[in-house]
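# Here you go, sequence then predicted model.
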Amino acid sequence: MLIRTEAPADLLAIDRLLKNTFPTEAEANLVMKLRENGHLTLSLVACTDEGEVIAHVMFSPVTLDGQDYNWQGLAPLVVKEEYRNQGIGSDLVKEGFESLAMFGYPACVVLGDPNYYGRLGFVAAEQHQMRCQWEVPEGAFQVKALVDGEFSEREGTIEYCAEFLEL
């Protein structure tokens, strides 16, 4: 398996993977709109040795109370069904964290399963007096500092790019 940044030749495979995995086309449309509007910070794919795209993760900008601290939102993360439970999604996210930190993006947020994302170092946003712009179950909105001390003296509402409002 190879993890790399997406290439133009991957766009149709990513779109197909999203449409075949999620119950609606909302995630596929979101990814396309983020890409088209320049709100894609990092997009990674996992490929088989034969070059088939089997997983994808995207990171896009978020703000804290309207301030841009270069924080990123992880969404979506998708792994082709027959490749799940092999650590591929975790590997993609960890590779994303390394790249984001290397390029000066100090934190990441996610809205998702606390059991899954907790294994990747995310903690409930409430622990840092932060919250999602939407009403979500307690613990579902999570944060991870990629740089020590990033959450010191920061609190408030985290907002995603406008494209997320169209879901």
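Great, that's in hand.
# next SSE after the helix or strand where residue 59 lies?
Element membership for residue 59 (DSSP states H and E) is strand 53-64. Using DSSP H and E, the next helix or strand after strand 53-64 towards the C-terminus is strand 72-79.
# Check which helices and strands that next one sits against.
helix 11-21, helix 26-36, strand 53-64, helix 88-102, strand 107-111, strand 156-160 (3 or more C-beta pairs under 8 Å, 6 or more residues apart in numbering; DSSP states H and E). C-betas here are computed from N, CA, C, even on glycine.
# of these, which approaches residue 118 most closely?
Closest approach to residue 118 among those (C-beta to C-beta): strand 107-111, 10.3 Å.
# quick one: contacts of that closest one?
59, 62, 69-75, 96-97, 100, 117, 122, 125, 132, 134, 136, 140-147, 150-151, 158 (C-beta atoms under 8 Å, 6 or more residues apart in numbering).
# Pick out the residue nearest the middle of this structure.
Centroid-nearest residue in the chain: residue 74, 1.5 Å away (criterion: C-alpha atoms, centre = their mean).
# Please name the bridge partners of that residue.
residue 59 (DSSP bridges).
# tell me the contacts of it?
57, 58, 59, 93, 96, 108, 109, 110.
# again, only using 7 Å
Residue 74 makes contact with 57, 59, 93, 108, 110, according to C-beta atoms under 7 Å, 6 or more residues apart in numbering.
# Tell me, how many residues neighbour the second one?
Going back to what we said before, that points to residue 59. Residues within reach of residue 59, counting by other C-beta atoms under 10 Å, total 26.
# quick one: it and residue 109, what's the gap?
Remark: distance between residue 59 and residue 109 (C-beta to C-beta, to the nearest Å) = 10 Å.
# Between the two, which contacts overlap?
With C-beta under 7 Å, 6+ apart as the test, residue 59 and residue 109 both reach residue 73.
# coming back round to it: packing partners of the strand holding residue 59?
helix 11-21, helix 26-36, strand 42-47, strand 72-79, helix 88-102, strand 156-160 (3 or more C-beta pairs under 7 Å, 6 or more residues apart in numbering; DSSP states H and E).
# Please find the angle between the direction vectors of the fourth one and strand 53-64.
Our comparison of strand 72-79 with strand 53-64, counting by axes from the mean of the first three to the mean of the last three C-alpha atoms, to 10 degrees, yields an angle of 160 degrees.
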